[in-house]
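Peer 1: Sequence and predicted structure, then a few things I'm wondering about:
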Amino acid sequence: MLKFLSAAAIGIGVSAGAAHAATLTGDVINQMISNPTTSLILDNNVLVGPGVDLTIANTNFDFDFASGLVGDEYVLSINAGSYGGLLTVSGGVTTILLSNLDFSDGEHLVGFNVFESLFVLTNAILTPNSMSISFDDVAFSSDVAFNFIRGQFVTEPIAPVPLPAALPLFAGAVGALGLVGRWRKRRQANA
């Protein structure tokens, strides 16, 4: 029987600010899946759109990078059948790296809320434009399709660059020097 971890058990990098989710629709992202036990790497550039974005040949895996009601979820689903590990191996640590994540409105990734995960995620690394998640891989069999990993991208708008406090003082000083120079030219012209 499959046991799924609740989202309460795993919350990765959630910001305390006014974070929300954005979409990757229309973006070309890179997904790399690796497992050092097999020395194999699956490396794919994927155009994100509606529905399943990638099905890996000769496997039961479907990837959707814009799932959910508003297109802000990542879903790795498995069709019915035997599962011998993400790279057809039982055991080892599998890592999924998503990079070149250019969210709508230029927003940056600040978190990933895990809703379902077949295995315990052992490591998660987030940057503004990439996400890496790792898990211990084991074999199992299922006669129904299910979500292997399902989670929501959490993003924030890029903060505007603040005006340096010294800039108005600098502008005032340059203006004052210009007025002094003008005053000296007039004084020399009248003398």
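Peer 2: Happy to help now that I have it.

Peer 1: Show the contacting residues for residue 48.
Peer 2: Counting by C-beta atoms under 8 Å, 6 or more residues apart in numbering, residue 48 touches 24-29, 65-66. To be clear about C-beta, it is placed using only N, CA and C from the backbone, and glycine gets the same treatment.

Peer 1: what's the closest of these to residue 109?
Peer 2: residue 24 (10.0 Å; C-beta to C-beta).

Peer 1: So that closest one, which state does it fall into?
Peer 2: coil (DSSP: H, G, I helix; E, B strand; the rest coil).

Peer 1: Touching, it and residue 100? I think so.
Peer 2: No. Between residue 24 and residue 100 there is no contact under C-beta atoms under 8 Å: 9.6 Å.

Peer 1: So for those two, which sits in the more crowded spot?
Peer 2: Counted by other C-beta atoms under 10 Å, residue 24 and residue 100 do not tie: residue 24 has more neighbours, with 25 against 14.

Peer 1: Quick check: that one vs residue 50, distance?
Peer 2: 12 Å (C-beta to C-beta, to the nearest Å).

Peer 1: Neighbours of residue 160, how many?
Peer 2: 6.

Peer 1: Secondary structure of it: a strand, I assume?
Peer 2: No. Counting by three-state DSSP, residue 160 falls outside a strand, being coil.

Peer 1: start at 841 instead
Peer 2: All right, first residue 841 from here; so that's residue 1000.

Peer 1: related to what we said a few turns ago, can you say which two of the contacts of residue 888 are spatially most distant?
Peer 2: Of all pairs in the contacts of residue 888, the most separated under C-beta to C-beta is 868 and 906 at 12.5 Å.

Peer 1: Could you name every residue contacting both of residue 864 and residue 890?
Peer 2: Joint contacts of residue 864 and residue 890 (C-beta under 8 Å, 6+ apart) are 906, 911.

Peer 1: now the strands for the protein?
Peer 2: 851-852, 868-875, 880-887, 894-895, 901-907, 913-918, 921-923, 933-939, 948-957, 961-967, 970-976, 980-982, 986-996 (DSSP state E).

Peer 1: quick one, which of these is nearest to residue 1014?
Peer 2: Between residue 1014 and those, the tightest spacing by C-beta to C-beta is seen for strand 948-957, at 35.3 Å.

Peer 1: Name the strands paired with the closest one and say parallel or antiparallel.
Peer 2: strand 851-852 (antiparallel), strand 986-996 (antiparallel) (DSSP bridges).
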